[in-house]
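> coords below, sequence missing:
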């Protein structure tokens, strides 16, 4: 059996999405900035996709900026807010467990003279709301906090966070990459100023994403050279992929509730089956304040590199954490922040499922982990 269990890294493009994209690739291929009929035809597809995405998040079409993915969206929002509002203050806040497309930007801004507060998290990956409240000052211009952590699946208390931030003068950016298809998100109800998403995490194509930006929020835009996206992001829009993104969002929202039930059942099956086989493990993160699609386990009997290799030999494809840091020997910064323990990170593996994952596949993963445990338990 072959089992893909790395859906938090990327997902296969859904057939319905491919079909929509092929319409544009083969027939409606004009440049949406061209004024002739072929260009206007492409523009209609672009405008329809923008409206579909805006409606999905209760946003306005004018609040949608198409990008190449979450990394560009995060960079655009964080740098844009910091540079545009630095005359008001140079204090910015994030957490220690953000994706590197957020953390590395904060680190760069810190080198440029900004003051950064990195919020601590507990052993479930949740921030301390009092620390956030106490960190905010009159000089704070930006708070950036991930909705669902990409390594452990923990869901931050976003309503509480946005309420605290809204009492300050700071703007609020959210990396919502892992939340799409799992949580209902109302862009204005959560009182966000900016939100980043990317298509390939929920059945869309790679290389396309969105930055949702409130109309009144001002940014200093980084990508110049054209009039596209209302002069906010120069470059010809990738219409086929944008159309695919819109279709993927629509499908993810249509089937969200049933998929969440399926994923939570798989999560419970996975953990209970490991317990029944007496495989020693601990869950990294929260069992309750989390999504069903990400399960990060501490497996003390084998190091992560060996575990990944042995699972791969059994045609089971998982990861140690973010795909953006795969191949490095550096322990997960997320687990280090949660446990202050490099050894735990060196023995932890992320399994991630989606609606295509079956109970049979989960049971196969458990059986192979059980074999690996018996192989190494004498060395414990």
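All right, it came through fine. Here the structure is a predicted model, which means the values were calculated and not measured. Residues are numbered from 1 along each chain as shown.

> only C-alpha atoms from now on, for both contacts and neighbour counts.
OK.

> in contact with residue 202: list those residues for me.
Each residue near residue 202 by CA atoms under 8 Å, 6 or more residues apart in numbering is listed here: 10, 11, 180, 181, 248, 249, 252.

> tell me, how many residues neighbour the residue nearest to residue 28 when sequence neighbours are not counted?
Among residues not flanking residue 28 along the chain, residue 42 sits closest, at 5.7 Å (CA to CA, 6 or more residues apart in numbering). Neighbours of residue 42 under the rule other CA atoms under 10 Å: 23.

> list the contacts of residue 42.
So residue 42 contacts 24, 28, 29, 30, 31, 32, 239 (CA under 8 Å, 6+ apart).

> now the strands for the stretch 1-150 of the chain?
For the stretch 1-150 of the chain, the strands defined by DSSP state E, counting those that start in this stretch occupy 3-4, 64-67, 91-95, 115-119, 140-144.

> now the ones you listed as JSON lines including distance to residue 359?
As requested, those are exported to JSON lines (distance: least, CA to CA, whole Å):
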{"stretch": "strand 3-4", "distance to residue 359": "11"}
{"stretch": "strand 64-67", "distance to residue 359": "36"}
{"stretch": "strand 91-95", "distance to residue 359": "35"}
{"stretch": "strand 115-119", "distance to residue 359": "38"}
{"stretch": "strand 140-144", "distance to residue 359": "37"}
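
> now those strands as TSV including mean neighbour count, distance to residue 296 and mean pLDDT?
Below are those laid out as TSV (neighbours: other CA atoms under 10 Å; distance: least, CA to CA, whole Å; pLDDT from 0 to 100):
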stretch	mean neighbour count	distance to residue 296	mean pLDDT
strand 3-4	18	15	98
strand 64-67	23	30	97
strand 91-95	23	19	98
strand 115-119	19	21	98
strand 140-144	25	23	98
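
> the ones you listed: which one's closest to residue 231?
Closest to residue 231 of the strands of the stretch 1-150 of the chain, according to CA to CA: strand 64-67, at 10.1 Å.

> quick check: neighbours of that closest one in the sheet, parallel or antiparallel?
strand 209-213 (antiparallel) (DSSP bridges).

> next secondary structure after the partner strand?
The helix or strand immediately downstream of strand 209-213 is helix 228-231, counting by DSSP states H and E.

> packing partners for that following helix?
Helices and strands touching helix 228-231, as assessed by 3 or more CA pairs under 8 Å, 6 or more residues apart in numbering; DSSP states H and E, are absent.

> let's see 10 Å
Applying 3 or more CA pairs under 10 Å, 6 or more residues apart in numbering; DSSP states H and E, we find helix 228-231 packed against strand 64-67.

> what does the strand it packs on contact?
46, 50-51, 53-54, 72-74, 76, 194-198, 207-215, 228-230, 232-235, 237-239, 242 (CA atoms under 10 Å, 6 or more residues apart in numbering).

> could you list the low-confidence segments of this protein?
Residues of the chain meeting the criterion pLDDT under 70: 322-329, 378-380.

> so what touches stretch 18-35?
Here stretch 18-35 has contacts from 15, 36-47, 203-205, 226-228, 236-248, using CA under 10 Å, 6+ apart.

> which of those residues fall within helices?
15, 37-47, 228, 239-248 (DSSP state H).

> what about burial for those residues, which qualify?
Buried members of the ones in helices among the contacts of stretch 18-35, scored by 16 or more other CA atoms under 10 Å, are 38-43, 45-46, 228, 239-248.

> which one of the strands of the stretch 1-150 of the chain lies closest to residue 287?
Of all the strands of the stretch 1-150 of the chain, strand 91-95 sits nearest to residue 287, with 20.6 Å by CA to CA.

> which residues touch the closest one?
Here strand 91-95 has contacts from 78, 81-82, 86, 102-103, 106, 109-110, 113-121, 125-127, 132, 135-146, 170-173, 334, 337, using CA under 10 Å, 6+ apart.

> among the residues you listed, name the buried ones.
Buried among the contacts of strand 91-95 by 16+ other CA under 10 Å: 78, 81-82, 86, 102-103, 106, 109-110, 114-121, 125-127, 132, 135-136, 139-146, 170-173, 334, 337.

> got the phi/psi numbers for the closest residue in space to residue 377 that isn't next to it in sequence?
Closest residue to residue 377 apart from its sequence neighbours, by CA to CA, 6+ apart: residue 301 at 6.1 Å. Backbone dihedrals for residue 301, given as degrees, to the nearest 10, come out at phi -90, psi -10.

> what about residue 301, how many neighbours?
Residue 301 has 20 nearby residues by other CA under 10 Å.

> swap in the one 4 residues further on?
Close neighbours of residue 305, defined as other CA under 10 Å, add up to 16.
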